[in-house]
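Trainee: coords below, sequence missing:
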Ligand code: GAR
C-alpha cells in the first residue's frame, strides 16, 4: 500500500475531505503523516482527531528555506512516504524538494490557472471582477503554480457573491475533486505527456 503525506498551513478543510475519503475507501493509500508549516494550523487538530501523526516545520526555526526542506525530506524518507498532497500549504517548495518527489506532488489551487497564481488566488479573482473562477488540481514543478494540470473546474462568480459565499462554493468543489484526483494518481491512472495529463482506463474508456 502506498503511503502519503498531506501538507497544510491553515484550516485544513481539504485535509478533512481527504481523511473522509480515506475512511470511505475512496482513497486506498495510507495517509501516514500531516506536515504543517505552523503550529497554529487548525488542520493539526483534525489530524489528531483522526489519529494521524503530524509534524511542524516552521521556516523561522531554520537558517534558510533549503534547510527546512532538507529536514522535511529526511522525515518523509524515514516515514517511507511515496507521494505528497499539498492542501493549503502556504510555502513555496524549493527545487531541491521538488526534485526528490518529481511528479509525485499534487497541489490544489483556488483559481483557473494560469490566472491568479500565488497565495491569494481566490481573493484576487474576486477583487479583479472576474466573472468565472474555479479550482485547479495540478502536479507541482519547480515554478509557482505551473505544473501539468490534472483537473480544472469552473465556478461562476455571481453578482451578489461575497468573498465568503464564493469561498464556500470553491471549497465544495475542492472537497469533491481533490480526493478524486488522489484516487486516480494512486492507481497510476494519470499519464503525463508534456504539459498534458490524460486519464487512463477510465469507465468511459478515456485515453
Ligand atoms: C484552499 O482553498 C486551497 O485551494 C488554497 O488554500 C485553501 C486551503 O483551505 N491553496 C492555495 O491557495 C495554494 N496556493 P483549507 O486549509 O481549508 O484546506
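Mentor: Great, that's in hand. These numbers were taken from a predicted model, which means no experiment stands behind them. Numbers count the residues shown, from 1 in each chain.
Trainee: OK, contacts around the residue in the chain positioned nearest to the ligand?
Mentor: Taking Cβ to the nearest ligand atom as the measure, the point where the chain comes nearest the ligand is residue 88, at 2.6 Å. No exception for glycine: its C-beta is placed from N, CA and C like everyone else's. Residues near residue 88 by Cβ atoms under 8 Å, 6 or more residues apart in numbering: 8, 9, 10, 11, 12, 14, 15, 43, 108.
Trainee: Restricted to helices, list the residues you listed.
Mentor: Judged by DSSP state H, the contacts of residue 88 include 14, 15, 43 as members of helices.
Trainee: May I ask which of those residues has the most neighbours?
Mentor: residue 15 (29 neighbours; other Cβ atoms under 10 Å).
Trainee: my guess is that one meets residue 46, correct?
Mentor: Yes - here residue 15 reaches residue 46: they are 5.6 Å apart, a contact under Cβ atoms under 8 Å.
Trainee: so which of the ones in helices among the contacts of residue 88 also contact the ligand?
Mentor: For the ligand, the contacts drawn from these by Cβ under 6 Å from any ligand atom are residue 14.
Trainee: want to throw the ones in helices among the contacts of residue 88 into JSON lines with pLDDT?
Mentor: Converted to JSON lines, these look like this (pLDDT from 0 to 100):
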{"residue": "14", "pLDDT": "98"}
{"residue": "15", "pLDDT": "98"}
{"residue": "43", "pLDDT": "98"}
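Trainee: out of the ones in helices among the contacts of residue 88, who's nearest residue 175?
Mentor: Among those, residue 14 lies closest to residue 175 (Cβ to Cβ), at 6.6 Å.
Trainee: Nearest residue to the closest one in space, please, no chain neighbours.
Mentor: Closest residue to residue 14 apart from its sequence neighbours, by Cβ to Cβ, 6 or more residues apart in numbering: residue 87 at 3.8 Å.
Trainee: Next, the distance between the ends of stretch 29-41.
Mentor: From its first residue to its last, stretch 29-41 covers 24 Å (Cα to Cα, to the nearest Å).
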